[in-house]
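J.: would you be able to build a 3D model of this:
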Amino acid sequence: MPENKTFYESSKEDRDLILEYNQVSLEGTGIVNILDIGIDNLTRQQAVYRVTRMIEEKGVHHVIILNPYKLHRLRTNSDLRLIADRSSMKIAAGAGLQWAARRLKTPLVERIGTLSFMMELVRLAEIKAYSIFLVGGKPETAEQAFFNIKKSFPGIRIVGRHGGYFDSDREKSVIEAIRKSEANIVFVGLGFPKEDKWINTIRHEFKNTVFIGVGGSLDTISGAERKAPPWFMENGMDWFYRIITRPWRIGRLLRVMVFFLMATVKGLLKK
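T.: So this is what the prediction gives:
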């Protein structure tokens, strides 16, 4: 599927990934505060390295990938805020967060695109023999995402996949399938905030798993949803493209506008 080609180009790059990651350091990394929400100030390589550390050190971890809409929801919903506070890592995918961080005089070192983050993790997982489970989208979407990833990364251990539409009875079997698979990484694409609420609800069922909420990325990888045009992708505005091309999501646009207004005002007050 030509529209997905760029997501897998890294598999063909001539890179010594193990050497690269052996040289990654977390020294000097910290937290950037954007409108009272702490975000890990990391490069993509450092974020991927953090995930490998989580896997090696064991335990259950929750990684949240943020954009302006999600951050505003965290600010205004106490339940979501508690879930975010409990997470192991929060990274900035949206260019709007990078802009806000500059306005607030606490710049982010890098914007970490969700798809590029996922693909880098997949490539490293193939080399290190980490196992992955996919949850999200329609059943055929999860199946096609599995096929597309395997096509570019033949050695990857995808130990299970399941669509994201299931009732409470079916949910039990999904949780059991993930647990029995002993997957190191579980990509959960149920959409925000459902995926993060679900991860928070089920995490006590596991011992050594890294859950990562990836929104609609499995739809994009499968080809079920067209990716945003190049300009939006390159500038970290793919989330904005999804809003403006779906009129029923106008409420999200209003929240984003409030976020930018608040960041602007707070930036002016800092001056």
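J.: switch to C-alpha atoms for all contacts and neighbour counts from now on
T.: OK.
J.: which residue ranges of this structure form strands?
T.: Using DSSP state E, the strands of the chain run over 30-34, 37-41, 60-66, 89-92, 131-136, 157-162, 185-189, 209-213.
J.: can you tell me what sits against the shortest one?
T.: Which is strand 89-92. 38-42, 47, 62-67, 84, 98, 111-113 (Cα atoms under 8 Å, 6 or more residues apart in numbering).
J.: the nearest residue to V51 once chain neighbours are set aside pairs with what?
T.: Of all residues beyond its chain neighbours, the one nearest V51 is V210 (7.4 Å), with distances taken as Cα to Cα, 6 or more residues apart in numbering. Judged by DSSP bridges, the bridge partners of V210 are H61, I185.
J.: burial of G137, as a residue count?
T.: Other residues lying near G137 total 25 when counted by other Cα atoms under 10 Å.
J.: wait, what's in contact with it?
T.: G163, G164, Y165, G189, L190, G216, L218, D219.
J.: could you redo the last one with a cut-off of 7 Å?
T.: Applying Cα atoms under 7 Å, 6 or more residues apart in numbering, we find G137 in contact with G163, G164, Y165, G189, L190, L218, D219.
J.: tell me the one of the residues you listed nearest K58?
T.: Checking the contacts of G137 against K58 by Cα to Cα gives G189 as the nearest, at 22.8 Å.
J.: specify the beta-bridge partners of that closest one.
T.: For G189, the beta-bridge partners under DSSP bridges are G136.
J.: ok, now how distant is it from N67?
T.: With the distance defined as Cα to Cα, to the nearest Å, G189 ends up 15 Å from N67.
J.: any chance of the strands of the chain in JSON lines with mean pLDDT as columns?
T.: Listed next are the strands of the chain as JSON lines, based on pLDDT from 0 to 100:
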{"stretch": "strand 30-34", "mean pLDDT": "94"}
{"stretch": "strand 37-41", "mean pLDDT": "96"}
{"stretch": "strand 60-66", "mean pLDDT": "97"}
{"stretch": "strand 89-92", "mean pLDDT": "97"}
{"stretch": "strand 131-136", "mean pLDDT": "98"}
{"stretch": "strand 157-162", "mean pLDDT": "97"}
{"stretch": "strand 185-189", "mean pLDDT": "98"}
{"stretch": "strand 209-213", "mean pLDDT": "98"}
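J.: quick check, distance from stretch 71-82 to the centre of its chain.
T.: Computed by Cα atoms, centre = their mean, to the nearest Å, the separation of stretch 71-82 from the middle of its chain amounts to 17 Å.
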